[in-house]
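S.K.: Whatever this is, show me its structure:
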Amino acid sequence: MDLAGSGLRPVAKAASDLGISQSCLRRGMTVDDVDAGRREGLTTDERKELVELRRRTRVLEMENEILKRASAYLARRRTHRGMINQPQLSGKPAQAPIRSYRPGTHPVAGTRSGEPASNAGTCLTRE
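M.R.: Alright, predicted model coming up:
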């Protein structure tokens, strides 16, 4: 490469002597010039680091997408099971539905003897 790079020997002759193509020799000469600081560009070490950083970025983006999807799935699952009350679109807090009980069947309104309380038919509670 040194002989071809210094102009003492034609690139075609040096490439044929080495058993490689001219483009391969020219590419090697360019990389050598960049690594030696005679030409601007990314050095071999910088290029390796860039490849590794891009690979790591792709992995992190995929992991982030998986976590977003899992979070959305779990949030939907909890709201469908009724574990979380979603707020109404009006901005007011959501309220649980009202459940009414038949007279004498409310679990708290009845007396210990099992007889209905005096207000057993009018009791409304929130779940």
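S.K.: how does this protein divide up, domain by domain?
M.R.: For the chain, automatic domain parsing gives the domain ranges 1-41, 44-91, 96-127.
S.K.: Check those domains for me: which has the lowest mean pLDDT.
M.R.: Comparing mean pLDDT over the domains of the chain, the weakest stretch is domain 96-127, at a mean of 56.
S.K.: what's the helix or strand containing Thr79 packed up against?
M.R.: Take DSSP states H and E as the rule and Thr79 turns out to sit in helix 44-80. Helices and strands touching helix 44-80, by 3 or more C-beta pairs under 8 Å, 6 or more residues apart in numbering; DSSP states H and E, are helix 22-36. Yep, even glycine has a C-beta here, placed from its N, CA and C like the rest.
S.K.: which parts of the helix it packs on are buried?
M.R.: Residues 25, 28-29, 31, 34 are the ones in helix 22-36 that count as buried (16 or more other C-beta atoms under 10 Å).
S.K.: Of all pairs in those, which one is the farthest apart?
M.R.: Farthest apart among the buried residues of helix 22-36 by C-beta to C-beta are Leu25 and Val34. That separation is 15.2 Å.
S.K.: Can you tell me the element Glu40 falls in?
M.R.: Counting by DSSP H and E, Glu40 is held by no secondary-structure element, helix or strand.
S.K.: separation between the closest residue to it other than its chain neighbours and Val11?
M.R.: Spatially, and ignoring its direct neighbours in sequence, Glu40 is nearest to Val34 (7.3 Å; C-beta to C-beta, 6 or more residues apart in numbering). Taking C-beta to C-beta, to the nearest Å as the measure, Val34 falls 18 Å from Val11.
S.K.: Equivalent analysis for Leu53, please.
M.R.: Leu53 is 34 Å from Val11, where distance means C-beta to C-beta.
S.K.: between these two, which one's more packed in?
M.R.: Val11 (17 against 10; other C-beta atoms under 10 Å).
S.K.: Tell me who's in contact with that one.
M.R.: 4, 22, 25-26, 29 (C-beta atoms under 8 Å, 6 or more residues apart in numbering).
S.K.: can I get those residues in CSV with distance to Glu46?
M.R.: CSV is the format used below for the contacts of Val11 (distance: C-beta to C-beta, whole Å):
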residue, distance to Glu46
Ala4, 25
Gln22, 26
Leu25, 23
Arg26, 21
Met29, 18
